[in-house]
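Undergrad: kindly return the folded structure for what I paste below:
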Amino acid sequence: MTLHVFGIRHHGPGCARNLRAALQALAPDAVLIEGPPDAQAALSLVADAGMKPPIALLVHEQDAPQNAVFYPFAEFSPEWQALRYASEAGLQARFMDLPCAIQMAADAAPESDTEPDGEPDGEPDVEVAALRADPIGMLAEAAGFTDREQWWDVQVEQRRDATGLFAGILEAMGTLREQHAETDLREQRREAYMRTVIREAQKEGFQKIAIVCGAWHAPRLATLGPAKADAELLKGLPKIKVASTWIPWTYSRLAFRSGYGAGVESPGWYAHLWHHPDRASTVWATLAARLLREQDIDASAANVIETVRLADTLAAVRELPAPGLRELREAIEAVLCGGEASRLALIRSGLEIGEALGAVPEGAGQVPLARDFEREVKRLRMKITTEQLPLVLDLRKDNDLDRSRLLHRLRVLGVEWGRVVGAGKTSGTFRESWQTAWRPELAIDLIAGNLHGNTVEVAAANSLTARAQSADLAALTPLIEVAILAHLPSALDRLLVELSERAALSSDVRLQMEAVAPLARIARYSDVRDTRAEHVLPVLHALFERIFIGVAPACTQLDDDAAAKMSEALGTAHAACLLLDQAELTQAWLDALRRLMESDAAHPRIRGRSCRLLLEQRALGEGELARRASLALSPSLEAAHAAQWIEGVLAGDGLLLVHQDELLGTLDAWLSGLSVDTFEAQLPLLRRAFCALNASERQAVARRMKTTRPGTAAARAVAQADELDAARVGRVLPVLAQILGVEHG
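TA: Below you'll find the predicted structure:
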């Protein structure tokens with residue numbers, strides 16, 4: 001029995017090509033690959049025509065799908081080529097790494113529960129950790145290369161002859177491992193388990209066993225050693241129940257920038273090397289030029305030829321056998337990009353990394369929810385892609401309405417395939433705009449969502465219902481809106497019952513006023529979403545009745561912060577009432593506002609806000625407003641109360657002051673009558689009140705004061721502000737000219 005260990009670097013096209021050649025030359029009778037044994041059953045799909053890398057094995061905890069790990073494979077991954085070779089040769093391929101069921105249980109357990117007796121404490125060896133993370137990178141540094149990727153390209157990716165390659169990797173890793181003691185317990189257990197699997201294969205009678213593993217592990221698997229020590233390391237380890245499936249993956253998720261620990265810098269370049277090993281430079285420059293032309297950037301055939309020549313020259317100067325990515329990148333930047341960083345960034349994102357999305361066969365070990373999702377996507381003729389795609393829906397069309405419902409249901413489940421980027425002024429418009437982009441990790445969210453149900457509709461409804469049980473009154477109404485958007489009638493009925501019960505028990509009038517706004521939108525625009533308004537109106541009317549009764553007592557004995565929140569809630573309820581456009585309800589609301597305006601116990605800001613809302617509906621005359629202003633700004637009252645009343649009145653359209661002469665005069669007289677000390681004390685509050693006006697509104701008020709009340713102090717101040725002091729301006733202009741870099745004439 002002979003063992004043949006092939007130490008590889010994950011996701012390397014040259015390594016994958018040389019491994020494939022070495023396996024064909026060896027003709028082993030068994031292939032053992034570093035990978036999760038929990039996913040052994042999934043290997044039956046390797047030969048399926050529907051498997052198109054990049055793909056990934058997803059292994060997750062059965063009872064908590066969000067606890068998951070990925071094992072990505074690209075077409076140029078050595079492990080994938082080993083799997084394909086075994087499948088095509090009719091050989092048995094096995095995963096041999098420490099099962100995820102054990103590794104994930106160890107992650108969840110306290111550290112003290114996973115350490116064997118006598119295990120030394122202390123900090124991990126930083127140098128060993130660095131070697132384990134990128135051992136070949138450390139060899140590149142030892143060889144004098146500052147660019148690790150370049151060294152790897154020269155030694156492996158551009159290599160055409162596999163003779164001696166894996167023996168050299170084994171020798172180099174063996175030397176590194178001998179010089180540094182192992183301190184990582186997890187790695188020790190992983191290698192112990194791999195040796196155990198190898199021994200089992202030997203016992204089964206396999207004569208030529210090919211072992212494909214990370215280069216760091218190769219020396220520890222070439223010699224098995226005593227089985228007893230490995231058994232002791234693996235004894236009594238806890239396990240959890242896990243499940244596995246294949247999911248599509250992307251090149252961007254293979255890149256280092258995604259945070260994937262075993263990623264590569266430029267997966268798009270590695271894919272290119274896999275498909276075009278003999279004409280890499282020429283084809284790469286051509287693809288770069290095509291990408292630039294697609295963005296309306298000039299890139300001629302002559303530029304391509306010059307780019308290839310420059311890359312070849314750079315390789316010759318650096319004594320390299322052929323141009324690598326570094327040389328091509330520099331040549332493209334100089335010739336095709338004209339030295340512009342933005343164009344090079346386009347090449348980096350679109351070509352060096354790429355956005356290729358893999359595919360797996362339908363129903364490949366998927367949970368029912370994922371299968372239902374795929375059926376819905378196919379029925380609605382939607383496209384799953386990693387590109388950022390705009391999706392504009394006309395809700396009057398059945399297919400577009402169903403697309404909207406699917407996207408909203410997925411968002412309920414936390415599957416953020418799309419986000420709303422525009423829906424008009426209200427939810428009642430017929431147009432809804434989305435931005436969609438698929439990410440591989442959304443597959444986990446689909447699996448997690450299966451805990452709520454086996455179809456997207458049922459799972460979303462159950463999820464909303466579950467959230468409603470712990471939601472307060474303020475959180476319930478947005479959930480009702482979501483139920484409408486996602487068209488979940490069963491969840492809507494339950495949410496309305498919950499809302500009615502919470503409203504009956506709640507004494508918080510502010511929350512009640514905030515709750516009516518989404519309900520009013522639902523009732524007003526229900527026809528667009530094919531949801532009957534009569535489901536919502538009874539609850540809405542009951543809420544308003546409670547508001548009418550409780551709003552006056554709720555607006556007394558408030559501090560300034562509470563009054564500000566209550567004032568906002570008044571505006572929200574006011575807008576909801578007007579949106580419903582029901583005469584009887586509107587009149588009852590205006591009566592409640594009038595009572596607030598006349599209540600001496602109500603906070604002055606609330607009284608001012610009530611005046612403003614009544615004035616907007618012409619339920620308060622100009623003369624009555626002026627009288628109310630005179631009372632609120634009376635010298636007998638505290639200036640702070642008067643300022644709060646002003647802030648309530650000014651909330652909203654600032655042009656009110658322009659058209660209300662009597663109010664403007666009353667405010668002017670009040671301000672003019674304040675003592676210096678009182679004015680300075682109230683200035684922050686007054687500034688906050690008048691800051692609600694935008695610049696044009698403030699200018700309009702100033703002009704109004706200047707033209708209609710020319711004799712007042714305020715008018716004189718405005719006039720003086722319009723006049724420039726020539727002497728002071730003369731001192732400023734030279735400094736300003738120097739700052740702007742212009743000549744002062």
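Undergrad: show me where the stretch 51-200 of the chain has its helices.
TA: Taking DSSP state H, counting those that start in this stretch as the criterion, the stretch 51-200 of the chain contains helices spanning 78-89, 100-108, 111-114, 126-133, 135-142, 148-152, 165-179, 185-203.
Undergrad: list the buried residues in the last one.
TA: Translated: helix 185-203. 185, 187-198, 201-202 (16 or more other Cβ atoms under 10 Å). Quick note: C-beta positions are derived from backbone N, CA and C, even for glycine.
Undergrad: CA atoms of it as CSV?
TA: Output in CSV follows, covering the C-alpha atoms of helix 185-203 (Å, rounded to 0.1, in the frame of the first residue of the first chain):
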residue,chain,number,x,y,z
LEU,A,185,-5.3,22.0,19.1
ARG,A,186,-7.9,22.3,16.4
GLU,A,187,-5.3,21.7,13.7
GLN,A,188,-3.9,18.7,15.6
ARG,A,189,-7.4,17.2,15.7
ARG,A,190,-8.1,17.8,12.1
GLU,A,191,-4.9,16.1,11.1
ALA,A,192,-5.6,13.2,13.5
TYR,A,193,-9.0,12.7,11.9
MET,A,194,-7.5,12.8,8.4
ARG,A,195,-4.9,10.2,9.3
THR,A,196,-7.8,8.0,10.8
VAL,A,197,-9.7,8.2,7.5
ILE,A,198,-6.5,7.2,5.6
ARG,A,199,-6.0,4.2,7.8
GLU,A,200,-9.6,3.1,7.2
ALA,A,201,-9.0,3.3,3.5
GLN,A,202,-5.9,1.2,3.9
LYS,A,203,-7.9,-1.4,5.8
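Undergrad: show me what the next helix or strand after that helix is packed up against.
TA: Later in the chain than helix 185-203, the nearest helix or strand by DSSP states H and E is strand 208-214. Applying 3 or more Cβ pairs under 8 Å, 6 or more residues apart in numbering; DSSP states H and E, one finds that strand 208-214 contacts strand 2-8, helix 13-26, strand 30-33, helix 78-89, helix 185-203.
Undergrad: wait, which of the ones you listed is closest to residue 312?
TA: For those, distance to residue 312 was read as Cβ to Cβ. The smallest value, 19.4 Å, belongs to helix 13-26.
Undergrad: what mean pLDDT does the closest one have?
TA: Regarding helix 13-26, the rounded mean pLDDT is 91.
Undergrad: and the angle for that helix with helix 78-89?
TA: With axes from the mean of the first three to the mean of the last three Cα atoms, to 10 degrees defining the directions, helix 13-26 sits at 30 degrees from helix 78-89.
Undergrad: and helix 13-26, what does it pack onto?
TA: Helix 13-26 sits against strand 2-8, helix 78-89, helix 165-179, strand 208-214, helix 267-275, with contacts defined as 3+ Cβ pairs under 8 Å, 6+ apart.
Undergrad: columns distance to residue 599 on top of these, output as a markdown table?
TA: Formatted as a markdown table, the helices and strands packed on helix 13-26 follow (distance: least, Cβ to Cβ, whole Å):
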| stretch | distance to residue 599 |
| --- | --- |
| strand 2-8 | 80 |
| helix 78-89 | 76 |
| helix 165-179 | 82 |
| strand 208-214 | 76 |
| helix 267-275 | 69 |
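Undergrad: mind putting those in a markdown table, mean neighbour count included?
TA: Shown next, in a markdown table, are the helices and strands packed on helix 13-26 (neighbours: other Cβ atoms under 10 Å):
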| stretch | mean neighbour count |
| --- | --- |
| strand 2-8 | 22 |
| helix 78-89 | 21 |
| helix 165-179 | 17 |
| strand 208-214 | 23 |
| helix 267-275 | 23 |
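Undergrad: of these, which approaches residue 733 most closely?
TA: helix 267-275 (56.0 Å).
Undergrad: what is the closest one packed up against?
TA: helix 13-26, helix 251-254, helix 280-294.
Undergrad: count of residues packed around residue 497?
TA: 12 (other Cβ atoms under 10 Å).
Undergrad: can you say which helix or strand has it in it?
TA: Going by DSSP H and E, residue 497 is in helix 489-505.
Undergrad: that helix packs against which elements?
TA: Under the contact rule (3+ Cβ pairs under 8 Å, 6+ apart), helix 489-505 is packed against helix 456-469, helix 473-485, helix 509-524, helix 537-554.
Undergrad: just name the most buried of the ones you listed.
TA: Most buried of the helices and strands packed on helix 489-505 by mean neighbour count (mean count of other Cβ atoms under 10 Å) is helix 509-524; its value is a mean of 23.
Undergrad: turn the helices and strands packed on helix 267-275 into TSV, including distance to residue 520 and mean neighbour count.
TA: Formatted as TSV, those follow (distance: least, Cβ to Cβ, whole Å; neighbours: other Cβ atoms under 10 Å):
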stretch	distance to residue 520	mean neighbour count
helix 13-26	60	21
helix 251-254	43	26
helix 280-294	48	19
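Undergrad: can I get the ones you listed in TSV including distance to residue 671?
TA: Listed next are those as TSV, based on distance: least, Cβ to Cβ, whole Å:
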stretch	distance to residue 671
helix 13-26	77
helix 251-254	61
helix 280-294	63
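Undergrad: for residue 144, find the nearest of those helices.
TA: helix 13-26 (20.6 Å).
Undergrad: how far off centre is that closest one?
TA: 39 Å (Cα atoms, centre = their mean, to the nearest Å).
Undergrad: just the CA atoms of that helix, as PDB, please.
TA: Only the C-alpha atoms of helix 13-26 are listed here, as PDB (Å, rounded to 0.1, in the frame of the first residue of the first chain):
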ATOM      1  CA  PRO A  13      -5.400  27.000 -11.700                       C
ATOM      2  CA  GLY A  14      -1.800  25.900 -12.300                       C
ATOM      3  CA  CYS A  15      -1.900  23.700  -9.200                       C
ATOM      4  CA  ALA A  16      -5.300  22.300 -10.300                       C
ATOM      5  CA  ARG A  17      -3.900  21.500 -13.800                       C
ATOM      6  CA  ASN A  18      -0.800  19.900 -12.400                       C
ATOM      7  CA  LEU A  19      -2.800  17.900  -9.900                       C
ATOM      8  CA  ARG A  20      -5.100  16.600 -12.600                       C
ATOM      9  CA  ALA A  21      -2.100  15.500 -14.700                       C
ATOM     10  CA  ALA A  22      -0.400  13.900 -11.700                       C
ATOM     11  CA  LEU A  23      -3.600  11.900 -10.900                       C
ATOM     12  CA  GLN A  24      -3.900  10.700 -14.400                       C
ATOM     13  CA  ALA A  25      -0.300   9.600 -14.400                       C
ATOM     14  CA  LEU A  26      -0.700   7.900 -11.000                       C
END
